[in-house]
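*Asks:* predicted model, plus sequence, below.
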Amino acid sequence: MKHFLTINDLTNLDLAVAEAIALKKDPYKFNNIGENKTLGMLFFNPSLRTRLSTQKAAHQLGIHTMIMNFSNEAWALEFENGTKMSGLRSEHIKEAAAVVSQYCDIVAIRAFASLTDKEGDEAEKVIHNFAKYASIPVVNMESATAHPLQALADAITIKEHTKIKRPKVVLTWAPHPKALPHAVANSFTRMAQKLDVNFVIAQPEGYELDPKITKKIPLYLNQEEALEGADFVYSKNWCSYTDYGKVHPTEDSWMLTAEKLKKTNNAKFMHCLPVRRNIVVADDVLDNPNSLVVEQANNRTFSAQVVLKKIVENG
Amino acid sequence: MKHFLTINDLTNLDLAVAEAIALKKDPYKFNNIGENKTLGMLFFNPSLRTRLSTQKAAHQLGIHTMIMNFSNEAWALEFENGTKMSGLRSEHIKEAAAVVSQYCDIVAIRAFASLTDKEGDEAEKVIHNFAKYASIPVVNMESATAHPLQALADAITIKEHTKIKRPKVVLTWAPHPKALPHAVANSFTRMAQKLDVNFVIAQPEGYELDPKITKKIPLYLNQEEALEGADFVYSKNWCSYTDYGKVHPTEDSWMLTAEKLKKTNNAKFMHCLPVRRNIVVADDVLDNPNSLVVEQANNRTFSAQVVLKKIVENG
Amino acid sequence: MKHFLTINDLTNLDLAVAEAIALKKDPYKFNNIGENKTLGMLFFNPSLRTRLSTQKAAHQLGIHTMIMNFSNEAWALEFENGTKMSGLRSEHIKEAAAVVSQYCDIVAIRAFASLTDKEGDEAEKVIHNFAKYASIPVVNMESATAHPLQALADAITIKEHTKIKRPKVVLTWAPHPKALPHAVANSFTRMAQKLDVNFVIAQPEGYELDPKITKKIPLYLNQEEALEGADFVYSKNWCSYTDYGKVHPTEDSWMLTAEKLKKTNNAKFMHCLPVRRNIVVADDVLDNPNSLVVEQANNRTFSAQVVLKKIVENG
């Protein structure tokens, strides 16, 4: 693995999950493999879990971190080639990526979707250009279309709570007042296809995810039907993909409730956080012992740690 | 001590002061007790002294720090229970506190008073909710109504400069163009009541502090009278407590000057900083060798260090 | 060397360059000389290279860093003496500098020129007041009129690429949509006068640098003529010095191109970055193997490292 841009960059998901679970038991076991290594963490967007868990993971491996909020601490970046840079963007990605590569051994980047420029988002303008012009490995801390560190943490969490063969895993769309990216849903979907689970997705009409990602996964327009017999229910909002970036008249009835979960097999509840209570999911689900959201957040550390470890060992 | 939310959480102030003074002589003596421990420092407000001194204190104990400016780097927090989170707040304190507890062993929080919501400020909405929902110790880096790390640093400074039995300590209100919180004055008042000193407060009418905190301390409306024979004079502005958050027509005559200090027993001058020169206090006081303000700032490191040390040793 | 405020604070530039080149080969050789030392890095302006390279340099010496974006994380500073601080500035430099000196062993500061207050800029209000009121060494991370860490990195880069005796070095003005400070050009000019090179400057009329700095250096109004036979061409914009802070009707023809470089002795291209492509310099120059811009950025680490090392060894 050079870069970690999508969950597919992990050649063996099961092994990575197993290694993460082992790291969780002894987090400082490899605290010298990062000696004299530096991780640059560049944020173009807000972050709580990703920031703290990745920083913690690096620390547990003895990797030095340098953190920047790129948007307000550095210079606005130009990503197009051949332009006359006469506007607000005072540094080209070619220089920025090459320069960061001088100071760091690995660079991790968070750059959300614009949700206005579908082509640019799908081309992963920020993270792919960093990967192109940097001479060091790039780690995705949530890009326009993918959040693989989250998906890996989710895989760890599912593994830890799976007690039957081939559990049913449901990813269900949830309401939200704002247009949100597809990154988490995309990466969860890619990841779930690699697990030995019965994976289905439920969403209202018009909220279908990118068919290049969902492939042959069963898609339900009826949430109730999808939830039936579920062992894991992952609730998440995303905006329209076909009508890119749009939020259709709110489908409030899609909020997840304890009542709805009665049809499941006493399902565990999952969400990547942050979550809007009583909009995305009701208090009675989040405050129930079946909720795994805090464990998912905890597993973000070991997700990042296994990825950083693999990169350092390769390097 | 689990949490350090007010100065009253220190069971023995005198011992803590003595320990801080010992640490000051050998700051790195315990630089391995923080091994594999992480302190999260969350700022909802600006900070210079608190930020640097707490970070330094942690470093001197070998504690790893992760620092966030919560307001602009993370998500706006919801503190009410049962609300439909359809507004600007996208994460609930329940999740935020639980999640931070996964990555950190201690969390330190700065969250100033609103000065508009007396009830919310007195309930210490931010820091008390963190203490409630976090599973790790919480340290107050100035909350709505208390600044105990400052008060402990002040106690250290008074101890270091006390040469007589039962010195007279005066806390005197000072003018200021903006409405300022009561946190520093409250914590100093709580702290001073635990020292073997003659403690009095002077303030203009309408600026009386919370009587639940001042209790039986003599309150003077005449500053000159209060200053008489003082050994330590602590100058500080705060807004009205009864007419909550209001600044009454400026009482410029309350600015502290060298002239006024002539009536004291060659008093040492104290202030928590930042201080507005020639508004709160005249240059001739701040630039006089009797000013302890820089020493107070220095003692912030050892104040934080003794608190972090106690928490780590308990944990 | 107590402070490092301008390149002239290095008593022997050649030795510093040689030491930096040695450090580059073994960056962690002295990684224990910073034990129990803390570097405060205070930013009043954005930074990418300076921030990361200085942090990295400190880490390679084992120096602990504490980083603050002063403008938004701390309090607005007052620099005038004797004022009544009734406005927006709530902390005086006297206190700020004294306080930072309590927590740090060295403080590095970035504070750009205002470009509106020539007198204040030339007086180096921010960095000189820190140097005046701090009790610890101050390092310039780009001030109003100087950027000596950049100049030292440039000297290292020139040294590494010099293959003939007394090469010709040309500093040439470049167009830019915004008014930029003179700091980089000033420090490069000061530095180049200490090297055994043939140094000339080219700029359009009205863009002459401070004659107290350029002294007897040949100044060309004709860029083509200046470039003739050059071994190193350093391109950089700055605003008018005499008509302080002004940008005259754009001199687009001064953009550096591969065509123009044909008259040189296969010159190496230099720029401090960030650079606006196809405004300051054409793609065909930046993307040519003769461009040293990324190496200059890399040498920023060793420039900072040699300065910090000298200060720590002195202290």
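*Replies:* Arrived safely, thanks for sending. Residues are numbered from 1 along each chain as shown, chains lettered A, B, ... in the order given.
*Asks:* can you list the residues of the stretch 101-250 of chain A near chain B?
*Replies:* In this structure, the stretch 101-250 of chain A approaches chain B at residues A:Pro177, judged by C-beta under 8 Å from any C-beta of the partner chain. C-beta coordinates here come from the backbone N, C-alpha and C atoms, glycine included.
*Asks:* ok, A:Ala18 - how many residues close by?
*Replies:* Using other C-beta atoms under 10 Å in any protein chain shown, A:Ala18 has 14 other residues around it.
*Asks:* now the strand or helix carrying it: buried residues?
*Replies:* Per DSSP states H and E, A:Ala18 falls inside helix A:13-25. Under the neighbour-count criterion of 16 or more other C-beta atoms under 10 Å in any protein chain shown, helix A:13-25 has A:13, A:16-17, A:19-20, A:23-24 buried.
*Asks:* dump these to a markdown table, plus pLDDT.
*Replies:* Below are those laid out as a markdown table (pLDDT from 0 to 100):
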| residue | pLDDT |
| --- | --- |
| A:Leu13 | 98 |
| A:Ala16 | 98 |
| A:Val17 | 98 |
| A:Glu19 | 98 |
| A:Ala20 | 98 |
| A:Leu23 | 98 |
| A:Lys24 | 98 |
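*Asks:* packing partners for the longest helix belonging to chain A?
*Replies:* Longest helix in chain A by number of residues (criterion: DSSP state H): helix A:293-314. Counting contacts by 3 or more C-beta pairs under 8 Å, 6 or more residues apart in numbering or on different chains; DSSP states H and E, helix A:293-314 is packed against helix A:13-25, helix A:49-60, strand A:106-110, strand A:138-140, helix A:148-161, strand A:268-270, helix B:93-103.
*Asks:* measure A:Lys168 to chain C for me?
*Replies:* Distance, A:Lys168 to chain C, by C-beta to the nearest C-beta, to the nearest Å: 47 Å.
*Asks:* my guess is that residue meets A:Val233, correct?
*Replies:* No: the criterion here is C-beta atoms under 8 Å, and A:Lys168 misses it with A:Val233 at 9.2 Å.
*Asks:* more neighbours, those two?
*Replies:* Just comparing A:Lys168 and A:Val233: by other C-beta under 10 Å the higher neighbour count belongs to A:Val233, 26 against 20.
*Asks:* does the more buried one lie in a helix or a strand, and which?
*Replies:* Using DSSP H and E, A:Val233 maps to strand A:232-236.
*Asks:* any idea which helix or strand comes after that strand?
*Replies:* From strand A:232-236 onward toward the C-terminus, using DSSP H and E, the following helix or strand is helix A:258-261.
*Asks:* elements contacting that following helix?
*Replies:* Right, helix A:258-261 is packed against helix A:223-227, helix A:283-286 by 3+ C-beta pairs under 8 Å, 6+ apart.
*Asks:* outside of it itself, list whatever touches it.
*Replies:* A:223-224, A:227, A:233, A:267, A:269, A:282, A:284-285, A:288, A:290 (C-beta atoms under 8 Å, 6 or more residues apart in numbering or on different chains).
*Asks:* of the residues you listed, select the buried ones using a ChimeraX command.
*Replies:* Buried residues within the contacts of helix A:258-261, by 16+ other C-beta under 10 Å, are selected in ChimeraX with:
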select /A:223,227,233,267,269,282,285,290
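*Asks:* which bits of the stretch 51-200 of chain A sit near chain C?
*Replies:* So the stretch 51-200 of chain A meets chain C at A:64, A:66, A:68, A:72-75, A:78, A:81-87, A:90-92, A:94-96, A:98-100, A:102-104 (C-beta under 8 Å from any C-beta).
*Asks:* hmm, try it at 6 Å
*Replies:* A:64, A:66, A:73-75, A:84-86, A:90-92, A:95, A:98-99, A:102-103 (C-beta under 6 Å from any C-beta of the partner chain).
*Asks:* by neighbour count, which of the residues you listed wins?
*Replies:* When neighbours are counted by other C-beta under 10 Å, A:His92 leads these with 27 neighbours.
*Asks:* thought that one was touching A:Leu77?
*Replies:* No: proximity of A:His92 to A:Leu77 does not meet the contact threshold set by C-beta atoms under 6 Å, at 7.1 Å.
*Asks:* run through the stretch 1-150 of chain A and note the low-pLDDT ranges.
*Replies:* The stretch 1-150 of chain A contains no residues with pLDDT under 70.
*Asks:* how about a cut-off of 90?
*Replies:* The model of the stretch 1-150 of chain A has pLDDT under 90 over residues A:1, A:71-72.
*Asks:* could you check how many residues crowd around A:Ser114?
*Replies:* So A:Ser114, with other C-beta under 10 Å, has 15 neighbours.
*Asks:* check A:Val107 too.
*Replies:* 25.
*Asks:* what separation is there between it and chain B?
*Replies:* Distance of A:Val107 to chain B, computed by C-beta to the nearest C-beta: 18 Å.
*Asks:* list the contacts of that residue.
*Replies:* Going by C-beta atoms under 6 Å, 6 or more residues apart in numbering or on different chains, A:Val107 touches A:40, A:100, A:136, A:138.
*Asks:* let's see 10 Å
*Replies:* Contacts of A:Val107 were listed using C-beta atoms under 10 Å, 6 or more residues apart in numbering or on different chains, and they are A:3, A:38-42, A:66, A:97, A:100-101, A:127, A:130-131, A:134, A:136-139, A:141.
*Asks:* run the chain-centre distance for the helix or strand following the helix holding A:Ala18.
*Replies:* Note on helix A:13-25: by DSSP H and E, the next helix or strand toward the C-terminus is strand A:38-43. Computed by C-alpha atoms, centre = their mean, to the nearest Å, the chain-centroid distance of strand A:38-43 equals 17 Å.
*Asks:* mind checking the SS state of whatever residue of the stretch 151-300 of chain A ends up closest to chain C?
*Replies:* As assessed by C-beta to the nearest C-beta, chain C sits closest to A:Pro274 within the stretch 151-300 of chain A, at 22.9 Å. Under DSSP: H, G, I helix; E, B strand; the rest coil, the three-state class of A:Pro274 is coil.
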